[in-house]
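# need coordinates for the below:
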Amino acid sequence: MTDAREALSDTADAPSVAADDSSNVSESGGPVPLLDPREGIPPVVADAEALAGIVARFATGTGPVAIDAERASGYRYGQRAYLVQLRREGAGSTLIDPVGCPDLSALGEALADTEWVLHAASQDLPCLAELGMRPTALFDTELAGRIAGFPRVGLGPMVENVLGLSLEKGHSAVDWSTRPLPEPWLRYAALDVEVLVDLRNALEAELAAQGKLEWALEEFAAIAAAPPAAPRVDPWRRTSGVHKIRRRRQLAAVRELWHLRDRVARERDVSPGRILSDAAIISAATAMPANAAALQALSGFGPRVHRRALEQWMTAIDAARVIPEQQLPPATAPHDGPPPPRSWSDKDPVAAARLAAARTAVTALAESLNLPQENLVSPEAVRRVAWAPPADPAPEAVAAALTGHGARAWQVELVSPVIARAFVEARTAGAAAVPGTGR
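Residues are numbered from 1 along each chain as shown. Prediction:
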């Protein structure tokens with residue numbers, strides 16, 4: 001990997017990718033607005049007969065397939081897809097309504113041996129998997145941009161910087177469960193996959209020029225092969241503001257209110273935040289009101305909240321009030337990893353010194369490679385190795401430990417020598433600080 005470091009040593013903060021097509025420049029000198037799909041807005045596929053035609057069409061296409069999905073985050077419960085967009089050479093573009101076509105496994109099978117091109121793949125793959133679509137190979141243009149060193153990796157900035165085109169992004173946060181979908185939304189959705197393969201090709205060339213293509217391909221393969229994410233332990237602990245809660249019974253109230261809100265939201269198919277805000281949950285758990293009238297006086301439970309709803313939330317608070325002491329949730333979330341780094345200096349000063357040295361070394365390496373630090377190696381992997389290092393901090397031992405914590409081969413090759421050296425330097429500095437042990 002030395003060649004990649006040398007190749008990057010003289011580069012600027014951002015890659016020098018530019019659109020090869022000089023026509024992608026407007027009269028004002030800026031990017032050319034991408035206003036309409038090449039073949040117009042495709043009709044929305046919403047029944048089995050139309051879907052069968054799309055499957056046949058895309059099966060005979062050539063090259064990678066661009067894929068995107070639109071959800072109704074903030075409006076509906078969960079992260080299901082409400083529109084799926086695809087484009088492939090020889091097949092054109094299509095828009096599929098998953099409400100009318102909830103099983104896309106036939107399409108997934110037709111594209112099984114095809115590379116999927118997505119932007120921020122980890123956001124769309126779960127909802128596509130719910131429809132029966134899972135890739136065996138993919139190219140993530142957002143992750144490619146990160147590895148290539150672009151400072152802004154949203155789809156709009158990437159298309160503008162790399163292809164010289166501008167995408168209109170005004171409909172990204174709309175309620176995609178709306179039916180029928182307005183024409184401007186459909187145009188926006190079709191344009192999202194219009195140039196995704198072009199962007200993929202340009203980024204592949206840039207990564208190859210920087211000596212980073214193999215790194216990116218290894219990351220893409222890891223995403224495609226990753227199993228579904230395990231359910232979160234104690235998801236209620238992600239309630240915004242829960243860190244303000246100190247008493248365990250108040251934490252129990254947060255838990256009870258969160259689970260009640262989640263059940264109501266699921267039954268109504270509404271985003272939980274539209275049922276009750278996180279701030280209201282924290283307010284109620286902090287105050288532990290004695291009755292509905294006291295609850296209504298709190299922020300988030302004003303006069304617009306119906307009496308029946310107030311009584312419903314009170315049942316959760318009352319349930320928390322009578323939970324036996326031994327069944328109250330612990331003050332901190334259970335975890336199998338090291339403690340929070342802020343406590344290391346008290347619990348294990350030597351480990352704290354190792355972590356500080358490793359972080360400094362990894363940051364310097366990431367800067368030299370023009371990579372975000374978190375893409376060079378997972379901060380969690382660094383923390384775990386620093387907390388429980390190998391007995392002999394040789395590069396090979398550190399490499400084995402990083403691999404055990406999920407680091408990819410390219411990451412291990414680059415990072416293990418600098419972390420091993422940082423551990424040795426931290427140990428030497430610690431010994432020198434103790435009287436009689438330094439030179």
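
# tell me which helix or strand residue 282 sits in.
helix 278-287 (DSSP states H and E).

# any buried residues in that helix, and which?
278, 280, 281, 282, 283, 284, 285, 286, 287 (16 or more other C-beta atoms under 10 Å). Bear in mind the C-beta positions are built from the backbone N, C-alpha and C, glycine included.

# from the residues you listed, pick the one nearest residue 300.
Taking C-beta to C-beta as the measure, residue 280 is the one of these closest to residue 300, at 2.6 Å.

# how about the nearest residue to that closest one, chain neighbours excluded?
residue 300 (2.6 Å; C-beta to C-beta, 6 or more residues apart in numbering).

# hmm, residue 279 and that neighbour touching each other?
Yes. The pair residue 300 / residue 279 is scored as a contact, 5.8 Å apart, by C-beta atoms under 8 Å.

# pull the contacting residues for the residue nearest to residue 280.
Neighbouring residues of residue 300 by C-beta atoms under 8 Å, 6 or more residues apart in numbering: 276, 277, 279, 280, 281, 283, 284.

# OK, contacts around the second one?
When contacts are counted by C-beta under 8 Å, 6+ apart, residue 277 is found next to residue 300.

# now it: phi and psi?
The phi/psi pair for residue 277 (degrees, to the nearest 10) reads phi -80, psi 160.

# okay, it: pLDDT?
We have a pLDDT of 96 for residue 277.

# where's residue 69, which helix or strand?
strand 62-71.

# residue 86 now?
Using DSSP H and E, residue 86 falls in strand 81-89.

# tell me where this protein has strands.
32-33, 44-45, 62-71, 81-89, 92-96, 116-118, 138-140, 165-166 (DSSP state E).

# give me the helices and strands touching the strand holding residue 86, please.
Here strand 81-89 touches strand 62-71, strand 92-96, helix 121-130, helix 183-192, helix 196-210, going by 3 or more C-beta pairs under 8 Å, 6 or more residues apart in numbering; DSSP states H and E.

# now do it, average pLDDT.
Strand 81-89 comes out at a mean pLDDT of 98.

# next, format the contacts of residue 300 as a markdown table and append distance to residue 203.
Shown next, in a markdown table, are the contacts of residue 300 (distance: C-beta to C-beta, whole Å):
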| residue | distance to residue 203 |
| --- | --- |
| 276 | 42 |
| 277 | 39 |
| 279 | 40 |
| 280 | 44 |
| 281 | 42 |
| 283 | 46 |
| 284 | 48 |
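
# which one of those residues is nearest to residue 172?
Within these, the smallest distance to residue 172 is 22.4 Å, found for residue 277 (C-beta to C-beta).

# where in the chain is pLDDT low?
Scanning the chain for pLDDT under 70 picks out 1-14, 16-29, 430-439.

# longest helix of it?
For the chain, the helix that runs over the most residues, judged by DSSP state H, is helix 409-433.

# correct me, but residue 174 touches residue 186?
No. Counting by C-beta under 8 Å, residue 174 sits too far from residue 186 to count as a contact (11.5 Å).

# who's more crowded, these two?
Set residue 174 next to residue 186 and count neighbours by other C-beta atoms under 10 Å: residue 186 wins out with 20 against 17.

# what sits against that one?
Residue 186 neighbours (C-beta under 8 Å, 6+ apart): 41, 44, 95.

# please apply the same query to residue 30.
Contacts of residue 30 by C-beta under 8 Å, 6+ apart are residue 166.

# and residue 187, how far is that from residue 162?
22 Å (C-beta to C-beta, to the nearest Å).

# who has more neighbours out of these two?
Comparing residue 187 with residue 162 by neighbour count (other C-beta under 10 Å), the higher total belongs to residue 162, at 26 against 16.

# the more buried one contacts residue 203, correct?
Yes. Counting by C-beta under 8 Å, residue 203 is a contact partner of residue 162 at 6.7 Å.

# OK, contacts around residue 80?
Residue 80 sits in contact with 71, 72, 98, 127, 130, where contact means C-beta under 8 Å, 6+ apart.
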